[in-house]
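J.: dropping the sequence and predicted coords here.
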Amino acid sequence: MSEYVVLSAILFTIGCVGVLTRRNALVVFMCVELMLNACNLAFVAFAKQHGNLDGQITAFFVMVVAAAEVVIGLAIIMTIFRTRRSASVDDASLLKY
Amino acid sequence: MIEFTKPSVEYFELWPLLVVFGAACLGVVVEAFVPRALRYASQVGLALAGLVAALVGVVLVARDVQTYDDGAARGILAVGGTIAVDGPSLFIWGLVLALAIGGILLFAERHLDGGSSAFAGQASAVPGTDAETAAVAARREHTEVYPLMMFAVFGMMLFPAANDLLTMFVGLEVLSLPLYLLSGLARRRRLLSQEAALKYFLLGAFSSGFFLYGAALLYGYAGSMDFAAINEAVRNDVGSSSLLLIGTGLLSVGLLFKVGAVPFQAWTPDVYQGAPTPVTAFMAAGTKVAAFGAIMRLFYVALGADRWSWQPMMWIIAILSMFVGAALAITQSDIKRLLAYSSVAHTGFILTGVLGLQASDQLAVGEITSVQAVLFYLTTYGFATLGAFAVVSLVRDAGGETTAIDRWAGLGKESPVVAAVFAFFLLAMAGIPLTSGFVGKLAVFSVALAAGAWPVVVAAVLASIVAAYLYIKVIKVMYFDEPVGDGPSVAYPSVLTATTIAVGAAVTLVLGVLPGPVLDLAAVAGEFIR
């Protein structure tokens, strides 16, 4: 089982590094989704290890929450793209200090 | 084959949750079917009715709760053990609902900005285009904000009452997602508002990823999502302790992000400044109350036996939050950003109270539990914040709200009442005697001292002095500085905002002069169900 957990940790780290380094809001958001999917993999792997269904059920809940998050996230990124003609997180820099 | 047992739903105890959720769903239907002209009145009425009905429900349930399992806690575990309706839950529910009623009144305010609310006429219209001008001319407004806020209130009630990691995650998301949208709906300065929404959303989603991975690791450690089972696993020291430690750390990232503790405070000033002021008022007060409820439940109930692992981390975060928050607040030139950094400092003070982990049977006579102290502090902080941001929405110039602090010079002459009320809220946040902030600070400091966290208390007292300088600096600007140009003007509010400010000020005064009843109420709330 530990291979799957290690794989999920690697995916989570890739997502995490992606959020911190990528500049396009959409790509940042995709990296967040990758982190959530890494969590799902860990949940399912641990569910198999412990022999109960809690983890697998959680994976379904996470998918639903992630779908809701996509709706909200794309709406916000769309409005900011239409206003600024750019989805770069560096351009949105009016709020500081 | 794993047996499936149908969970029983305790409708009476869950009535407050269900009625808020029902009102939110009904609000969506109203938005779809009621003609535009009637929507404002029906949405405001529906939201207020739902909140008041839920508040009555909280009182009825609280009168009726029984001792749980012969322990020190009172309440029940509902829906198959996923939601704990216990004393602290009920206290937080009541507090969140009271703050939400104030929030709805601020949302519904239409007097300040020439007959329209603080929200964009049509959020999808690009700023500066004909579509936006047309929406403004047609006096459109987004009445969707009321159901969105009700969903957020539902999340704020579910989050601290969740008794397993999955429910807590769902509560966290239901509380956050509507707030991301609400932050981006300001009528004026829309670019700032949209940028605040983007930042809040990306960072919030990032932090909930951490929370979820922490939940996965803790599940891997304990083999269950349930707090009681995790507590059992920690006590018996089963499984790999590295899973437990990393899991605890990742969960803390998600939770401490929500309360804006250093080093996860970066979003706070931007979102507080960019979001429409009524949203900031509601979010600043409500999110903090709900998230601290969840922090206490997770760390006391699930991870209480492992406190020697997480307490040093909390010590450092509490000290950092107080000093960084107070120091950065001094450098701010915008009143909303200043209040945001001050909320970071308050997060540190509340964490000081969280550190005083003690069961009620270990207490000497006259001492209070840390749950009691934190709940009391949250009450004082919630009402002072709601009132302070409500006052911020009154000070305006031609371009809408004027939040630059140097534009507030001479406010004391322009409007003595507004300046005095704002000064009173600032003094309460500074913790001057005869205001609620003093009693709150005394309560959290004394529980931390009783638990032996004296270095944190010394740091907290020093940070309070730094913070006091900051609040008094704003008071000096309002009363003693010469106004720049025309000086600020104060919009005359309708009864809605006036009520919120009056209630905030009254609670702040009464809790300072006569804190006994609310402290007793927090004591009656007792402990978490374990």
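T.: The structure has been received and is ready for your questions. Numbering: from 1, shown residues only, chains lettered A, B, ... in the order given.
J.: so where is chain A shaky, pLDDT-wise?
T.: Residues of chain A that meet the criterion pLDDT under 70 lie in A:1, A:97.
J.: please apply the same query to chain B.
T.: In chain B (pLDDT under 70), the answer is B:1-2, B:70-71, B:357-366.
J.: and B:L255, how many neighbours?
T.: Counted with other C-beta atoms under 10 Å in any protein chain shown, residues neighbouring B:L255 total 23. From N, CA and C alone the C-beta is placed, and that goes for glycine too.
J.: what lies in contact with the strand or helix carrying it?
T.: If you go by DSSP states H and E, B:L255 is part of helix B:241-259. The contact list for helix B:241-259 (C-beta atoms under 8 Å, 6 or more residues apart in numbering or on different chains) reads B:165, B:172, B:176, B:203-204, B:207-208, B:210-218, B:220-221, B:234, B:264, B:267, B:287-288, B:291-292, B:294-295, B:298, B:303, B:306, B:309-310, B:313, B:317, B:347, B:350.
J.: can you narrow those residues down to the ones near chain A?
T.: Checking the contacts of helix B:241-259 against chain A by C-beta under 8 Å from any C-beta of the partner chain, the ones in range are B:F210, B:L212, B:Y213, B:A215, B:A216, B:L217, B:G220.
J.: now neighbour count and secondary structure too, for those, in TSV please.
T.: As requested, those are exported to TSV (neighbours: other C-beta atoms under 10 Å in any protein chain shown; DSSP: H, G, I helix; E, B strand; the rest coil):
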residue	neighbour count	secondary structure
B:F210	23	helix
B:L212	30	helix
B:Y213	27	helix
B:A215	26	helix
B:A216	33	helix
B:L217	28	helix
B:G220	26	helix
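J.: the closest residue to B:L218 other than its chain neighbours: how many residues sit nearby?
T.: Once flanking residues are discounted, B:L218 sits nearest to B:G247: 3.8 Å by C-beta to C-beta, 6 or more residues apart in numbering or on different chains. Neighbour count of B:G247, defined by other C-beta under 10 Å: 23.
J.: got it, and B:L509?
T.: 15.
J.: now the one 5 residues further on
T.: Here the number of neighbours of B:L514 (other C-beta under 10 Å) works out to 11.
J.: again with the one 4 residues further on
T.: The number of residues packed near B:V518 is 21, by other C-beta under 10 Å.
J.: which helix or strand contains it?
T.: Assigned by DSSP H and E, B:V518 falls in helix B:516-525.
J.: just the C-alphas of that helix, formatted as CSV.
T.: Extracted C-alpha coordinates of helix B:516-525, given in CSV (Å, rounded to 0.1, in the frame of the first residue of the first chain):
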residue,chain,number,x,y,z
GLY,B,516,-20.7,38.1,34.3
PRO,B,517,-23.8,36.8,32.4
VAL,B,518,-22.0,36.0,29.2
LEU,B,519,-19.1,34.4,31.1
ASP,B,520,-21.6,32.3,32.9
LEU,B,521,-23.3,31.4,29.6
ALA,B,522,-19.9,30.3,28.3
ALA,B,523,-19.4,28.3,31.5
VAL,B,524,-22.8,26.7,31.2
ALA,B,525,-21.7,25.7,27.6
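J.: buried residues in it, which are they?
T.: With burial defined by 16 or more other C-beta atoms under 10 Å in any protein chain shown, the residues of helix B:516-525 counted as buried are B:V518, B:L519, B:L521, B:A522, B:A523, B:A525.
J.: apart from its neighbours in sequence, what residue is nearest the third one?
T.: The reference is to B:L521. Going by C-beta to C-beta, 6+ apart, B:L521 has B:F91 as its nearest residue, at 6.9 Å.
J.: check contacts around the one you found.
T.: B:F91 touches B:L375, B:L521, B:A522, B:A525, counting by C-beta under 8 Å, 6+ apart.
J.: the longest helix anywhere in chain A and chain B in contact?
T.: In chain A, taking DSSP state H as the definition, the longest helix is helix A:54-84. Yes: residues of helix A:54-84 contacting chain B under C-beta under 8 Å from any C-beta: A:54-55, A:57-58, A:61-62, A:65, A:68-69, A:72-73, A:75-77, A:79-80, A:82-84.
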